[in-house]
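S.K.: Sequence below, structure please.
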Amino acid sequence: MKTPPDAAALGAIIDKLEDPVTNLVRRDSLYQKLGLTDGDVATREQVIATLVKHKALLQRPVVVTAKKAIIGRPKERITELLKNVK
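M.R.: Just a heads-up that it's a prediction; the model follows:
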């Protein structure tokens, strides 16, 4: 939250992301308060624009290695990813 990724960093994460890009956006009370819908975050460009504008909506944790990026939920995904890092 203190140093959120900018548009370029988000694009680099998305390039490595194994999950659907739309999963990077938290669907929480802020999302609802902003009146966002799945249609607002359906594309790469929409996700980047939304997350740059509303950094609190970035799903966390996001784990990025040299070759892959994942959303670390459930937390077991992190362990699995890190076991396979070479």
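S.K.: what's the pLDDT at the residue nearest the centre of the chain?
M.R.: For the chain, Leu24 is the residue whose C-alpha lies nearest the centre (CA atoms, centre = their mean; 2.8 Å). The model reports Leu24 with a pLDDT of 97.
S.K.: wait, isn't it in contact with Val52?
M.R.: No. With contact defined as CB atoms under 8 Å, Leu24 does not count as touching Val52 (11.8 Å). Placement of C-beta: from N, CA and C, glycine included.
S.K.: if I look at the two, which residues touch both of them?
M.R.: Leu10 (CB atoms under 8 Å, 6 or more residues apart in numbering).
S.K.: helices and strands around whatever helix or strand Leu81 lives in, which ones?
M.R.: Element membership for Leu81, per DSSP states H and E: helix 76-83. Here helix 76-83 touches strand 62-64, strand 69-71, going by 3 or more CB pairs under 8 Å, 6 or more residues apart in numbering; DSSP states H and E.
S.K.: Give the buried residues for it.
M.R.: Using 16 or more other CB atoms under 10 Å as the test for burial, helix 76-83 gives 77, 81.
S.K.: pLDDT at Lys86, what is it?
M.R.: The model's pLDDT for Lys86 equals 66.
S.K.: ok, now Ile71?
M.R.: For Ile71, the predicted pLDDT is 95.
S.K.: Can you give me the neighbour number for it?
M.R.: Applying other CB atoms under 10 Å, we find 19 other residues in the vicinity of Ile71.
S.K.: That one: what's it in contact with?
M.R.: Per CB under 8 Å, 6+ apart, neighbours of Ile71: 17, 19, 23-24, 59, 61-62, 77.
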